[in-house]
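Undergrad: below are the sequence and a predicted model; questions follow.
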Amino acid sequence: MRNIALIVSYDGTDYSGFQSQPGGNTIQDKLEQVISKLTGERVRLMGSGRTDAGVHARCQVVNFETSSTIPIERWAIALSTRLPNDIVVQSAYSVPDHFHSRRDALSKTYRYTINCNRMPDLFRRRYEFHHPTPLDLEAMRAGAAHLVGEHDFTSFTSPLSTKPSHVRTILETKLVHETRTEAEGLYANPIYNREWDERHYPGKTRGVIHLYVTGTGFLYNMVRIIAGTLIQIGESKIAPEAMPGILAARNRARSGPTAIPQGLSLWEVVYELLPEATSENLQL
């Protein structure tokens, strides 16, 4: 038997999440069906993490065991040509028998994208949350900084969480600002322009904001709740200095709303045995 790891990218818009469900409309189900057709074997994938319905992945890592003799360099193209167009196997690796895509992950990075331009971007709307008013980017950065380290994230997980412990470690938070997008130039408004914004929203920023959260593990809805809370900080509804108190409260009612799923992507998973995901080895 061989243990094979795949790096998979997908648009999660039309799927019920990653993990297999009775209805069969999940990323795991589609991958397992195609692998089974290709090899004649019934396989069970292990994923680096679950993504909810509507959530995307740039770099989901899965592994499975097979007795197939297909050369490792043929797996990515053989699977991608048989999968739906919104699922792509970027690369395949032979890994040791003990490799497990979830347990062996050193860290994961999620990205949440917020479009603060006045009009939505027609061509990116499936991958970002449209927030039509500008946000206080520096306040959001200050609030996010309080999340770094080991904390009890009960305030930032769904009450439906079944995990025995909500203690998790965040290694890094980062907010990156796209100052101008193609859509912003196309839909520029001669009246509601930068000067108008500066009068009505002083100190706040338009453009596209990418929130990156890197940690050793995450809870159910954790990144989306972090994003929803930071958006409220950007709206000046919550002070960035309130973040330590929200953490300490261990009360879901103290944090912000759960941000909508389409803005979220599983961006990167890091291992000792696999190369890091870069624009060079992901065909995006």
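TA: Perfect, thanks for sending it. From a predicted model like this one, the values you see are computed outputs, not experimental measurements. Numbers count the residues shown, from 1 in each chain.
Undergrad: what about S94, which SS state?
TA: strand (DSSP: H, G, I helix; E, B strand; the rest coil).
Undergrad: isn't it right next to M1, touching?
TA: No - between S94 and M1 there is no contact under Cβ atoms under 8 Å: 11.6 Å. For the C-beta atoms, the positions are set from N, CA and C on the backbone; glycine is no exception.
Undergrad: of these two, which one has the most company?
TA: S94 (12 against 7; other Cβ atoms under 10 Å).
Undergrad: and the gap between the more buried one and L274?
TA: Distance, S94 to L274, by Cβ to Cβ, to the nearest Å: 11 Å.
Undergrad: buried sites along stretch 32-43?
TA: Across stretch 32-43, burial judged by 16 or more other Cβ atoms under 10 Å covers E32, V34, I35, L38, T39, V43.
Undergrad: which ones among those residues map onto helices?
TA: E32, V34, I35, L38, T39 (DSSP state H).
Undergrad: for L31, see how far away the closest residue to the second one other than its chain neighbours is.
TA: Counting by Cβ to Cβ, 6 or more residues apart in numbering, V34 lies nearest to R82, which is 4.7 Å off, once chain neighbours are set aside. Taking Cβ to Cβ as the measure, R82 and L31 are separated by 10 Å.
Undergrad: those two: which is more packed in?
TA: Comparing R82 with L31 by other Cβ under 10 Å, the one with more neighbours is L31, at 25 against 15.
Undergrad: what pLDDT does the more buried one get?
TA: Looking at L31, its pLDDT is 97.
Undergrad: in space, what's closest to it - neighbours in sequence excluded?
TA: L45 (5.8 Å).
Undergrad: surely the residue nearest to V34 and T39 touch.
TA: No - using Cβ under 8 Å, R82 is not in contact with T39, being 11.6 Å away.
Undergrad: what sits against E178?
TA: G207, V208, I209, H210 (Cβ atoms under 8 Å, 6 or more residues apart in numbering).
Undergrad: what residues of stretch 148-162 count as buried?
TA: Quick answer for stretch 148-162 (16+ other Cβ under 10 Å): H151, F153, T154, S155, F156, T157.
Undergrad: out of those residues, which one sits closest to I231?
TA: F156 (13.5 Å; Cβ to Cβ).
Undergrad: neighbours of T173, how many?
TA: Based on other Cβ under 10 Å, the number of other residues close to T173 is 20.
Undergrad: that one belongs to a strand, doesn't it?
TA: Yes - with three-state DSSP as the criterion, T173 is located in a strand.
Undergrad: helices along the stretch 1-150 of the chain, start to end?
TA: Counting by DSSP state H, counting those that start in this stretch, one finds helices in the stretch 1-150 of the chain at the ranges 27-39, 75-80, 137-145.
Undergrad: now the strands for the protein?
TA: Secondary structure of the chain (DSSP state E): strands at 2-10, 46-47, 56-66, 87-95, 107-115, 129-130, 149-152, 167-178, 208-215, 264-270.
Undergrad: which residues are in contact with the fourth one?
TA: Outside strand 87-95, the residues within contact range by Cβ under 8 Å, 6+ apart are 2-11, 27, 30-31, 59, 63, 72-73, 75-76, 79-80, 83, 273-274, 281-283.
Undergrad: before we move on, the earlier item: identify the farthest-apart pair in the buried residues of stretch 148-162.
TA: Most distant of these, by Cβ to Cβ, are H151 and T157, 11.6 Å apart.
Undergrad: out of the strands of the chain, which is closest to R250?
TA: Across the strands of the chain, closest to R250 is strand 149-152 (Cβ to Cβ), at 5.6 Å.
Undergrad: paired strands for that closest one, with orientation please.
TA: strand 167-178 (antiparallel) (DSSP bridges).
Undergrad: count the neighbours of the residue nearest to I27 when sequence neighbours are not counted for me.
TA: Leaving aside its sequence neighbours, I27 sits nearest to F18 (Cβ to Cβ, 6+ apart; 4.6 Å). Residues contacting F18 under the criterion other Cβ under 10 Å number 27.
Undergrad: who are the contact partners of the residue lying closest to P159 once chain neighbours are set aside?
TA: Spatial nearest neighbour of P159, excluding adjacent residues (Cβ to Cβ, 6+ apart): R252 at 5.6 Å. By Cβ under 8 Å, 6+ apart, the contact list for R252 reads T154, S155, F156, T157, S158, P159, I225.
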